[in-house]
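>>> Give me the fold of what follows.
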Amino acid sequence: MTDKAKPVGINHVALEVGDIQEAMDFYRGFLDFEIASQSETAAFVYFGDQFINFMKGRGQAPDDGRHFGVAVDDKPLAVERLEEMGVVLLDGPFTDFLDPWGNRVELTTYTDIQYTKADHILKGMGLGHLEKTPKALEELAAKGMAPEG
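Presented below is the predicted three-dimensional model:
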């Protein structure tokens, strides 16, 4: 037993942007999502049981190493849409880019990573067909976290 709280996961990320509507338009250019609520100064976008809180007020320089990752069901499709939008992918081993306000975003494929949503959440998102790759399952099993069955 420990005298510290155990982290369970990331509930949300707060992302600063210059304009809320422009941010919704930009992110909807390559992601399919519903806006839970939106005002002139904030928007809440849910990805199942997690969300991004877009906040008006970006003032810092563009991100270099600091970034957040978005797991998608179809990374090649997201990249295709980004390219159609004129977004340039950053050099490096990952699928990173900067949004119009300098927030660095990394795209990853849900099935290829350890991060796992509960089956009922995936089903509710219309993504119940997604299955982890053998490599992702091996990584989870090495931590004693492989799904049963």
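
>>> List the residues that contact the most centrally placed residue in the chain.
With distances taken as C-alpha atoms, centre = their mean, V70 lies nearest the centre of the chain, 2.0 Å away. Contacts for V70 (C-beta atoms under 8 Å, 6 or more residues apart in numbering) come out as L31, F47, V105, E106, L107, T108. Placement of C-beta: from N, CA and C, glycine included.

>>> Quick one: buried ones out of those?
Among these, those scoring as buried are F47, V105, L107 (criterion: 16 or more other C-beta atoms under 10 Å).

>>> how close does the second one get to T116?
When you say that, I think you mean V105. 21 Å (C-beta to C-beta, to the nearest Å).

>>> same question, the last one
Counting by C-beta to C-beta, the gap between L107 and T116 amounts to 18 Å.

>>> Apart from its chain neighbours, what residue comes closest to D64?
R104 (7.3 Å; C-beta to C-beta, 6 or more residues apart in numbering).

>>> show me the contacts for that neighbour.
Per C-beta under 8 Å, 6+ apart, neighbours of R104: P62, D63, D64, G65, R66, H67, F68, L90, D96, F97, L98.

>>> thought the second one was touching N103?
When you say that, I think you mean D63. Yes: the criterion here is C-beta atoms under 8 Å, and D63 meets it with N103 at 6.0 Å.

>>> Looking at these two, which has the bigger crowd around it?
N103 (21 against 16; other C-beta atoms under 10 Å).

>>> beta partners for the residue nearest to D64?
In this entry, R104 is beta-bridged to L98, by DSSP bridges.

>>> still on that earlier bit, output the contacts of V70 in TSV; the columns should cover distance to H129.
Conversion of those to TSV gives the following (distance: C-beta to C-beta, whole Å):
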residue	distance to H129
L31	18
F47	17
V105	25
E106	24
L107	20
T108	18
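
>>> can you name the two of the residues you listed that are farthest apart?
Distances among these were taken as C-beta to C-beta; the most separated pair is F47 and E106, at 14.6 Å.

>>> would you list the contacts of V70 in TSV and tack on pLDDT, distance to E22 and secondary structure?
Below are the contacts of V70 laid out as TSV (pLDDT from 0 to 100; distance: C-beta to C-beta, whole Å; DSSP: H, G, I helix; E, B strand; the rest coil):
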residue	pLDDT	distance to E22	secondary structure
L31	97	15	coil
F47	94	20	strand
V105	97	15	strand
E106	97	21	strand
L107	97	20	strand
T108	96	25	strand
